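*Asks:* next come a sequence and a model predicted from it.
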Amino acid sequence: MTELSGIILAGGKSSRMGKDKALIPIGGVPLLEKVYHVAKSCTNKIYVVTPWVERYEDLYLPGCEFIPEDPNHTQGPLVGLARGMEKIVTEWVLLLACDLPNLQIPVFHDWVRELDNIQPQNIAWLAKNDYGWEPLCGFYRTSCLPLLLDFINQGGRSFQGWLKLYPVATLPLSTPHILFNCNTPDDLRMVTKEDELE
Ligand SMILES: Nc1nc2c(ncn2[C@@H]2O[C@H](COP(=O)(O)OP(=O)(O)OP(=O)(O)O)[C@@H](O)[C@H]2O)c(=O)[nH]1
Ligand SMILES: [Mg+2]
């Protein structure tokens, strides 16, 4: 199987939610733990990039390696990806935001099985939406790190801006709701309501 590591980004401000999204329990399990569990089903090597290591230390994240950022100088998810990638030696990275409550393990397993078939010129394999790529739930080739650092060193901070510069393969997504990210109290109410109905 293709070599894969995971990076989970847990350094956002959660300003729309008003409290740390990573710690919100969904079905009794903190969201970061839920996302970690999905990543763990795909690879044993997982990095959590965050300025708040001590906040997450007591969560159940077996085998997790934290990559700390400066809490006074967070620079957004694109820089978070670069900080994670600098540690990674596998060919591919699975990047996940920490606010994805609807991920489904079998879908990830299907994707991982296909990674070897992605044409080598593509720097990433991501789903598309009406506005562009879905950068926070998908696969990146670790060899694209120099390109990413170039972009960042020139002041770039936008995933869409960076991804426009290089070929990206399209990840097929038959169930777009799995990419739903929970940003606001209303989003959360929707997710917990679905939880109760199940
Ligand atoms: N490590 C790291 N992750 C980040 C940073 N900024 C955002 N993220 C993560 O990127 C993902 C997407 O973040 P968003 O949902 O767009 O925003 P947010 O900052 O979490 O929340 P808002 O303040 O409401 O925009 C989440 O998993 C965040 O934790 C950062 O500076 N460092
Ligand atoms: Mg979000």
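*Replies:* That came in fine, so what should we check first? Ligands and ions are numbered 1, 2, ... in the order given.
*Asks:* where does the spatially closest residue to C137 that is not a sequence neighbour land on pLDDT?
*Replies:* Computed as CB to CB, 6 or more residues apart in numbering, the closest residue to C137 that is not its neighbour in sequence is L179, at 5.3 Å. For glycine as for every other residue, the C-beta is placed from the backbone atoms N, C-alpha and C. L179 is assigned 96 on the pLDDT scale.
*Asks:* G138 is in contact with L179, correct?
*Replies:* No. At 9.1 Å, L179 does not count as touching G138 under the criterion of CB atoms under 8 Å.
*Asks:* what residues sit buried inside stretch 121-132?
*Replies:* Neighbour counts using 16 or more other CB atoms under 10 Å place N122, I123, A124, W125, L126, A127 of stretch 121-132 among the buried residues.
*Asks:* output those as JSON lines; include the columns distance to ligand 1.
*Replies:* Output for the buried residues of stretch 121-132, formatted as JSON lines (distance: CB to the nearest ligand atom, whole Å):
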{"residue": "N122", "distance to ligand 1": "22"}
{"residue": "I123", "distance to ligand 1": "19"}
{"residue": "A124", "distance to ligand 1": "16"}
{"residue": "W125", "distance to ligand 1": "19"}
{"residue": "L126", "distance to ligand 1": "14"}
{"residue": "A127", "distance to ligand 1": "15"}
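*Asks:* among these, which are in strands?
*Replies:* The members of those that map onto strands under DSSP state E are A124, W125, L126.
*Asks:* nearest to ligand 2, of those?
*Replies:* Ligand 2 has its nearest neighbour among those in L126, at 15.4 Å by CB to the ion.
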